[in-house]
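Undergrad: coordinates for the following, if possible.
(one chain, ligands or ions: 1)
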Amino acid sequence: MEQGKWIDGKVLAKEIKGELAKEVAVLAEETGERPGLAVILVGNDPASETYVRGKVRDCEEVGIRSQLIRKPDTIEEDELLSEVQRLNEDPAIHGILVQLPLPDQINPDRVISEIRPDKDVDGFHPLNAGRLATGLDSLLPCTPHGILQMLKRSGVSIAGKHAVVVGRSNIVGKPVSLLLQRENATVTMCHSRTEDLAHHTRQADILVAAVGRLHMITRQHVREGAVVIDVGMNRTPEGKLAGDVDFDAVEPIASRITPVPGGVGPMTRAMLLYNTVKAARTFFTKG
Ligand SMILES: Nc1nc(=O)c2c([nH]1)NC[C@@H]1CN(c3ccc(C(=O)N[C@@H](CCC(=O)O)C(=O)O)cc3)C=[N+]21
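TA: Numbering: from 1, shown residues only. Presented below is the predicted three-dimensional model:
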């Protein structure tokens, strides 16, 4: 296996965290304060517990203060909305993240819309989605922004290239297609109802797989020399974490490829820190 063609998300995330740690130190020097992130975790789903613990640890690494707020999975929507409102008003909190998924009695769209857009470090609020779509400055969703950073920092040129995005979710597919267009790529969107998927994906210079189905992108979907970004987070029958791309089949023909784990996931976490620092800087400079 040729290590040089892997785009290593862990290495790049570490580089970004180093840059953010310096910026946090400068902010602390100038203002006497540190960025603050509040993470709300409803219930005790083991996967969510692991993710949230990771986020808290990441914050410590760069000097961001974090606050984990736990709520039982029986919480009513109104109570969760009140908790968000309280954090909206808290001057020590610059970023608010409500871990998804939420229990059935809670409408996630209502909760996301309750977060102050300038504290919406997931970039999920409709105002931030609309600002991205219209080309205004905004807090960017972490996974799409992480993908863009991976491409840029590993020297992949985007302008004029054909990017094919598989998956049209609000958290990955749609925003990553907008970001790639902003970088002057020609973008094709594919989804579960696309006919002859492989016909489209084989045209890709840059292929982004964000479907959530284990190993659905195989060798026949990929043009020789393509750059392949795997956003999938699936479990194999053996319980291992694996992507949407059949890595062993695709790696030999790709020019660059991201592994799972160790690819997009760590970048997503790094961009959450980036957004928290950005939100804090905006808050401090507005006075
Ligand atoms: N409000 C909200 N915001 C989120 O950003 C959010 C969320 N809810 N709910 C769940 C998903 C999932 N997600 C991950 C991020 C990084 C890794 C990650 O770093 N994964 C490691 C491996 C972790 C492992 O080994 O289990 C990797 O890919 O190398 C995983 C999952 C963020 N999410």
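Undergrad: which SS state does the residue nearest to D246 when sequence neighbours are not counted fall under?
TA: If the residues on either side of it in the chain are set aside, D246 comes closest to H215, at 4.1 Å by CB to CB, 6 or more residues apart in numbering. Glycine gets a C-beta too; all of them are placed from N, C-alpha and C. Following DSSP: H, G, I helix; E, B strand; the rest coil, the label given to H215 is coil.
Undergrad: count of neighbours near H215?
TA: Per other CB atoms under 10 Å, the neighbour tally for H215 reads 19.
Undergrad: tell me how far it lies from M233.
TA: Using CB to CB, to the nearest Å, one gets 13 Å for the distance from H215 to M233.
Undergrad: overlap in contacts, the two.
TA: G243 (CB atoms under 8 Å, 6 or more residues apart in numbering).
Undergrad: now do stretch 251-266: everything it contacts.
TA: Residues from elsewhere that reach stretch 251-266, judged by CB under 8 Å, 6+ apart: 1, 5-10, 12-13, 143, 146-147, 150, 154, 156, 219, 222-233, 241-243, 245, 247, 250.
Undergrad: just the buried ones among those, please.
TA: Neighbour-count burial (16 or more other CB atoms under 10 Å) is assigned, among these, to 6-9, 12-13, 143, 146-147, 150, 154, 156, 219, 222-223, 226-233, 242-243, 245, 247, 250.
Undergrad: check contacts around the most centrally placed residue in the chain.
TA: Taking CA atoms, centre = their mean as the criterion, T143 is the residue nearest the geometric centre of the chain, at 1.9 Å. Contacts for T143 were tallied using CB under 8 Å, 6+ apart; they are I171, V172, V176, A210, V231, V264, M267, T268, M271.
Undergrad: just the element for whichever residue of the chain sits closest to the ligand, please.
TA: Among all residues of the chain, G265 sits closest to the ligand, at 2.3 Å; criterion: CB to the nearest ligand atom. Applying DSSP states H and E as the criterion places G265 in helix 264-286.
Undergrad: now do the buried residues in that helix.
TA: Applying a neighbour-count criterion of 16+ other CB under 10 Å, the buried positions in helix 264-286 are 264-281, 283.
Undergrad: near the ligand, which residues of the stretch 1-150 of the chain?
TA: Counting by CB under 6 Å from any ligand atom, the residues of the stretch 1-150 of the chain close to the ligand are Y51, L97, V98, Q99, L100, D122, C142.
Undergrad: sort out for me which of these are in helices.
TA: Judged by DSSP state H, helices contain the following of those: Y51, C142.
Undergrad: can you give me the helices for the protein?
TA: For the chain, the helices defined by DSSP H cover 9-31, 46-62, 77-89, 108-114, 126-134, 142-153, 173-182, 197-201, 247-250, 264-286.
Undergrad: adding distance to P237 and mean pLDDT, write those helices out as a markdown table.
TA: Compiled in a markdown table, these are given as follows (distance: least, CB to CB, whole Å; pLDDT from 0 to 100):
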| stretch | distance to P237 | mean pLDDT |
| --- | --- | --- |
| helix 9-31 | 24 | 98 |
| helix 46-62 | 17 | 95 |
| helix 77-89 | 35 | 98 |
| helix 108-114 | 29 | 98 |
| helix 126-134 | 36 | 98 |
| helix 142-153 | 25 | 98 |
| helix 173-182 | 26 | 98 |
| helix 197-201 | 23 | 98 |
| helix 247-250 | 16 | 98 |
| helix 264-286 | 20 | 97 |
